[in-house]
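>>> this is a predicted model, with the sequence first.
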Amino acid sequence: MASKGSGVKPSLQHGRQASPTPRTRSGPSPMGPVIDRPPLPRRTNPLLRAKLELPTTTTSQSTAGRIPPRGLTILGVSVLCISTYCGYLYTSYRREVAASRNLQVPEDVTDRFNASARNYDAEVDLGEKFMRLGRRRRELVRMARGDVLEVSCGTGRNMPFYLLGERWGVDDQGKAERQGCRSVTFVDLSPQMVEVAREKFRKCFPEGFERVAFWAGDAREVVPSSVPRGLPPPKTEEKEKEKDESQGSAEWSLSKPYFDTVVQTMGLCSTPDPVGLLRHLGKITEPTKGRILLLEHGRSYYGWVNSILDNLAVAHANRHGCWWNRDIGRIVEASGLEVVEVKRYHLGTTWKVILRPKPPSTDTEKRAEEK
């Protein structure tokens with residue numbers, strides 16, 4: 001039905017009312033003036049609008065965080081390489097464990113170093129660089145003062161870090177102190193190792209240093225007052241027996257019964273009697289200010305690491321002359337020396353230990369020490 005006076009008939013198209021077409025009236029309307037309005041926009045469901053807009057935002061976010069195909073390829077190859085290497089390590093570990101069960105290795109394996117002396121540095125260089133042991137060696141050796149004895153010197157891996165010649169310096173507290181080494185005596189059980197150390201000393205200190213000695217023998221027999229005549233010289237070729245200033249003068253000797261500093265790095269693992277050695281070193285170290293500086297490797301904090309060390313100990317000792325599963329803490333405790341400082345690295349397998357002689361305070365302790 002049409003409205004009165006409008007003259008406009010409603011039209012239906014598919015059941016919906018057609019949008020009104022704005023027009024201008026020429027005459028007055030009984031219902032008031034007619035106002036022209038723009039057409040209303042088609043209504044949109046707000047939920048539907050949000051749903052339609054969501055994929056655009058999600059797509060942009062997912063594109064920003066997506067790993068490119070090249071990155072996926074590199075990641076896949078890396079995972080494959082790591083898994084393959086881990087499998088190789090596990091297979092090698094099982095093979096070494098099986099081989100260790102059939103080996104009969106004596107407790108004294110120092111003879112292994114005689115055969116490996118010339119190639120020893122090449123064998124251990126990579127491992128020590130990876131573990132940054134050169135830094136640990138430097139820190140330890142720079143603490144050496146006065147008359148120094150290095151036990152288990154090996155091929156002289158500590159050689160570059162020594163400060164030869166005494167001088168006045170300043171300590172960490174700003175106090176003046178004597179620094180540097182008045183003399184250095186290198187001792188090792190392997191004559192071949194001692195020869196390599198002697199050659200390395202010439203290269204490190206071409207200008208020479210008189211108060212240095214190299215001897216092959218058991219450190220438990222070293223007596224300061226007899227250095228350098230206390231131990232037989234290592235077996236060498238005839239031309240090497242000639243006097244060389246860089247090897248040290250045979251005329252000097254220590255007039256006092258003690259060393260000011262004793263250094264040993266990675267030696268307790270290859271010594272037949274580590275407790276007896278430490279006890280002897282305590283007797284020949286200056287009792288008030290003397291120090292015994294150790295850098296050793298042994299048992300870890302963790303049981304699973306110790307299990308690996310134990311399972312491979314026999315094979316490792318047979319190949320490298322080193323019992324790497326010894327308990328350094330128990331060895332130090334059994335020696336009766338006083339512990340100044342202990343630090344551990346690499347899951348607790350690397351030990352930095354500073355000791356000093358522990359003067360007996362009672363007759364009971366004296367008797368225990370004598371035993």
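Great, that's in hand.

>>> what segments of the stretch 151-300 of the chain are strands?
167-170, 176-188, 212-216, 261-265, 291-297 (DSSP state E, counting those that start in this stretch).

>>> Arg344 is nearest to which of those strands?
Closest approach to Arg344 among these is made by strand 291-297 (10.1 Å; C-beta to C-beta). Bear in mind the C-beta positions are built from the backbone N, C-alpha and C, glycine included.

>>> next secondary structure after that closest one?
helix 303-320 (DSSP states H and E).

>>> which elements pack onto that next one?
Using 3 or more C-beta pairs under 8 Å, 6 or more residues apart in numbering; DSSP states H and E, the elements in contact with helix 303-320 are helix 69-100, helix 112-116.

>>> what do you get if the cut-off is 7 Å, keeping everything else the same?
helix 69-100 (3 or more C-beta pairs under 7 Å, 6 or more residues apart in numbering; DSSP states H and E).

>>> winner for burial among the strands of the stretch 151-300 of the chain?
Of all the strands of the stretch 151-300 of the chain, strand 261-265 has the most neighbours on average by mean count of other C-beta atoms under 10 Å, namely a mean of 25.

>>> follow-up on the earlier one: in CSV: the strands of the stretch 151-300 of the chain, plus mean pLDDT and distance to Lys352.
CSV is the format used below for the strands of the stretch 151-300 of the chain (pLDDT from 0 to 100; distance: least, C-beta to C-beta, whole Å):
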stretch, mean pLDDT, distance to Lys352
strand 167-170, 81, 22
strand 176-188, 90, 20
strand 212-216, 92, 25
strand 261-265, 96, 10
strand 291-297, 96, 6
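
>>> let's have those in TSV, adding distance to Arg202.
Converted to TSV, those look like this (distance: least, C-beta to C-beta, whole Å):
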stretch	distance to Arg202
strand 167-170	23
strand 176-188	13
strand 212-216	11
strand 261-265	20
strand 291-297	24
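
>>> please tell me how far Lys352 sits from Met143.
From Lys352 across to Met143, the span is 11 Å (C-beta to C-beta, to the nearest Å).

>>> so which of these two has more stuff around it?
For the pair Lys352 and Met143, the greater number of neighbours falls to Lys352 (17 against 12), based on other C-beta atoms under 10 Å.

>>> surely that one meets Leu295?
Yes: counting by C-beta atoms under 7 Å, Lys352 does reach Leu295; the two are 5.6 Å apart.

>>> shared neighbours, these two?
Arg136, Leu140 (C-beta atoms under 7 Å, 6 or more residues apart in numbering).

>>> poorly predicted segments of the stretch 1-150 of the chain, please.
Across the stretch 1-150 of the chain, the ranges flagged by pLDDT under 70 are 1-65.

>>> the helices in it, which residues?
Secondary structure of the stretch 1-150 of the chain by DSSP state H, counting those that start in this stretch: the helices cover 46-64, 69-100, 112-116, 120-131, 133-141.

>>> can you list contacts of the shortest one?
Applying C-beta under 7 Å, 6+ apart, the set of residues contacting helix 112-116 from outside is Glu123, Ser190, Gln192, Met193, His320, Gly321.

>>> so what pLDDT did the nearest residue to Lys289 once chain neighbours are set aside get?
If the residues on either side of it in the chain are set aside, Lys289 comes closest to Asp260, at 7.3 Å by C-beta to C-beta, 6 or more residues apart in numbering. Per-residue pLDDT puts Asp260 at 94.

>>> with the one 10 residues further on instead?
Ser270 carries a pLDDT value of 90.

>>> one more: the one 5 residues further on?
Model confidence at Val275, given as pLDDT, is 96.

>>> looks like it contacts Ile331 (just checking).
Yes: assessed by C-beta under 7 Å, Val275 is found in contact with Ile331 at 5.6 Å.

>>> between those two, which one's more packed in?
Between Val275 and Ile331, counted using other C-beta under 10 Å, Ile331 has the larger neighbour count: 21 against 16.

>>> thanks again, I'm all set now.
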